[in-house]
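**Student:** From the sequence below, what's the structure:
(one chain, ligands or ions: 2)
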Amino acid sequence: MRLGIFGGTFDPPHIGHLILAAEALAQLELDRVLWVLTPNPPHKTRRSLTPVALRYELLRAAFEADPAFVISWVDLDRPPPHYAVDTMRLLRQDHPRDRLVYLMGSDSLDDLPLWHMAQEFVLQCDELGVMCRPGPDLDLAELEAALPGLLTRVRILEAPLLEISSTRLREKIASRGTYRYYLPRGVYKLIEELHLYRTAEAQP
Ligand code: ATP
Ligand code: MG
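**Tutor:** Ligands and ions are numbered 1, 2, ... in the order given. From the prediction side, this is the model:
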């Protein structure tokens with residue numbers, strides 16, 4: 001099997017995430033995408049996240065019973081810190097015969113040299129599926145110099161640049177902007193029902 005591993009805080013999950021996962025599934029010929037909900041990522045310490053139980057419900061609502069998309073409990077079942085390198089080691093133990101393809105946006109790839117045990121993380125990934133995001137161009141040579149072996153693993157997905165982020169959507173919801181169609185229908189409905197993201201975040 002070829003397994004996509006898609007980590008994130010998904011606060012909330014939006015159509016950018018779904019398009020990334022769907023394009024990866026098709027273009028990288030994956031059998032399944034495991035969505036790894038990270039309770040408390042080590043790099044996002046500056047704002048309070050929506051409780052993970054609620055983010056789990058939002059993620060469930062995002063898929064509408066798509067059999068190719070599965071929520072992984074690998075990070076929900078263990079204590080922090082939730083480093084991706086440990087996530088990959090645990091998934092390798094669970095899936096010893098599968099090829100593991102880590103999925104991310106280009107902002108995450110750009111940050112990768114700063115991740116905990118980044119070189120080891122790269123070695124744990126058979127491939128990295130990357131969807132570009134609006135922002136500065138990637139310097140692939142610089143990334144390869146920092147993390148040798150990275151470039152042979154990177155597969156850039158063909159996809160439109162989507163200027164959609166959870167941060168921007170949280171801001172839009174708090175300021176009563178229009179946000180409905182940036183989200184899967186089930187996610188929109190839950191946010192409305194539970195009045196999520198209605199107050200502006202305290203700035204760090
Ligand atoms: P936040 O603004 O809270 O950081 P986000 O929209 O970046 O939210 P995350 O949960 O941080 O969402 O992202 C999970 C993964 O999805 C990351 O690897 C990120 O790069 C990728 N991603 C998110 N939005 C997009 C997008 N619009 N295009 C491509 N990749 C994306
Ligand atoms: Mg992000």
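**Student:** now the residue in the chain sticking out farthest from the centre, what's its secondary structure?
**Tutor:** The outermost residue of the chain relative to its centre, with distances by C-alpha atoms, centre = their mean, is residue 176 at 25.7 Å. Under DSSP: H, G, I helix; E, B strand; the rest coil, residue 176 falls in the coil class.
**Student:** Tell me the spacing between it and ligand 1.
**Tutor:** Per C-beta to the nearest ligand atom, to the nearest Å, residue 176 is found 19 Å from ligand 1. Placement of C-beta: from N, CA and C, glycine included.
**Student:** I'd guess residue 35 is in a helix, am I close?
**Tutor:** No. Going by three-state DSSP, the assignment for residue 35 is strand, not a helix.
**Student:** mind listing what the nearest residue to residue 111 once chain neighbours are set aside touches?
**Tutor:** Closest residue to residue 111 apart from its sequence neighbours, by C-beta to C-beta, 6 or more residues apart in numbering: residue 43 at 7.4 Å. Residues near residue 43 by C-beta atoms under 8 Å, 6 or more residues apart in numbering: 111, 114-115.
**Student:** which one among those gets closest to ligand 1?
**Tutor:** Using C-beta to the nearest ligand atom, residue 111 is the member of those that sits closest to ligand 1, with 8.9 Å.
**Student:** Give me the pLDDT for that closest one.
**Tutor:** pLDDT for residue 111: 96.
**Student:** rewinding a little: could you identify the buried members of the contacts of residue 43?
**Tutor:** residue 115 (16 or more other C-beta atoms under 10 Å).
**Student:** what about the residue of the chain found nearest ligand 1, how many neighbours?
**Tutor:** In the chain, the residue that lies nearest ligand 1 is residue 105 (2.2 Å; C-beta to the nearest ligand atom). Close neighbours of residue 105, defined as other C-beta atoms under 10 Å, add up to 20.
**Student:** Quickly list what it is bridged to.
**Tutor:** Counting by DSSP bridges, residue 105 is bridged to residue 131.
**Student:** CA atoms only for stretch 103-113 - export them in PDB, please.
**Tutor:** Output of stretch 103-113 as PDB, limited to C-alpha atoms (Å, rounded to 0.1, in the frame of the first residue of the first chain):
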ATOM      1  CA  LEU A 103       1.900  15.400   2.700                       C
ATOM      2  CA  MET A 104       2.400  19.100   3.400                       C
ATOM      3  CA  GLY A 105       2.100  22.600   2.000                       C
ATOM      4  CA  SER A 106       5.200  24.500   0.800                       C
ATOM      5  CA  ASP A 107       5.200  26.700   3.900                       C
ATOM      6  CA  SER A 108       5.800  23.500   6.000                       C
ATOM      7  CA  LEU A 109       8.500  22.400   3.600                       C
ATOM      8  CA  ASP A 110      10.200  25.700   3.900                       C
ATOM      9  CA  ASP A 111      10.200  25.300   7.700                       C
ATOM     10  CA  LEU A 112      11.300  21.700   7.700                       C
ATOM     11  CA  PRO A 113      15.000  22.400   8.600                       C
END
